[in-house]
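Asker: Next comes the sequence, and after it the predicted model I'd like to discuss.
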Amino acid sequence: MTTPTIASDASRQPLRLPAPLYVRLLAILITGVFSGLAALALVTGHVGERWTRLGYAGPLEEGRAQSFGLAMLFFGLLPLMLCARTPRSAMWVASISVVLGLICVFAGALL
């Protein structure tokens, strides 16, 4: 009588995220748009006024605008987790970009 194997070689392969090519291209496009808007906020030091669900939000100037731009840049990196090869690397991309984005948001609130 033979003993059964615990795991086959196929189960030891890292999992691959099922993201088709058009999804990855769309994620890269979204990241590019967010990066461009973030670069505009960083270079000019100004974010115009905007309307939100909670009402009117006034313009941001200098340090707050640059902090907002950095936060937007880091949160804009989140769609790139769809381009990751494994779920673990996607988790790393997402967690690092969220932590850096939250640091920028809270640092901007202190300015």
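Answerer: Structure's in. What do you need? Everything numeric in this text was worked out from a predicted model, so none of it was measured.

Asker: Does Val105 touch Leu73 like I think?
Answerer: No. With contacts counted by Cβ atoms under 8 Å, Val105 stays clear of Leu73, the gap being 11.9 Å. Yep, even glycine has a C-beta here, placed from its N, CA and C like the rest.

Asker: Settle it for me: which of the two has more neighbours?
Answerer: Between Val105 and Leu73, Leu73 has the larger neighbour count (other Cβ atoms under 10 Å), namely 22 against 16.

Asker: who touches that one in this structure?
Answerer: Shown in contact with Leu73 (Cβ atoms under 8 Å, 6 or more residues apart in numbering): 34-35, 38-39, 42.

Asker: Point me to the helix or strand that includes it.
Answerer: helix 62-76 (DSSP states H and E).

Asker: Pull the contacting residues for the most centrally placed residue in the chain.
Answerer: For the chain, the residue nearest the mean C-alpha position is Leu78 (2.0 Å; Cα atoms, centre = their mean). Contacts of Leu78 were listed using Cβ under 8 Å, 6+ apart, and they are 93-94, 97-98.

Asker: for those, which one is nearest Leu54?
Answerer: Val98 (22.0 Å; Cβ to Cβ).

Asker: about what we covered before: which of the contacts of Leu73 tops the neighbour count?
Answerer: That'd be Ala38 among those, by other Cβ under 10 Å, with 21 neighbours.

Asker: Please tell me how far the closest residue to that residue other than its chain neighbours sits from Trp51.
Answerer: Leaving aside its chain neighbours, Ala38 sits nearest to Leu73 (3.7 Å; criterion: Cβ to Cβ, 6 or more residues apart in numbering). According to Cβ to Cβ, to the nearest Å, Leu73 and Trp51 sit 23 Å apart.
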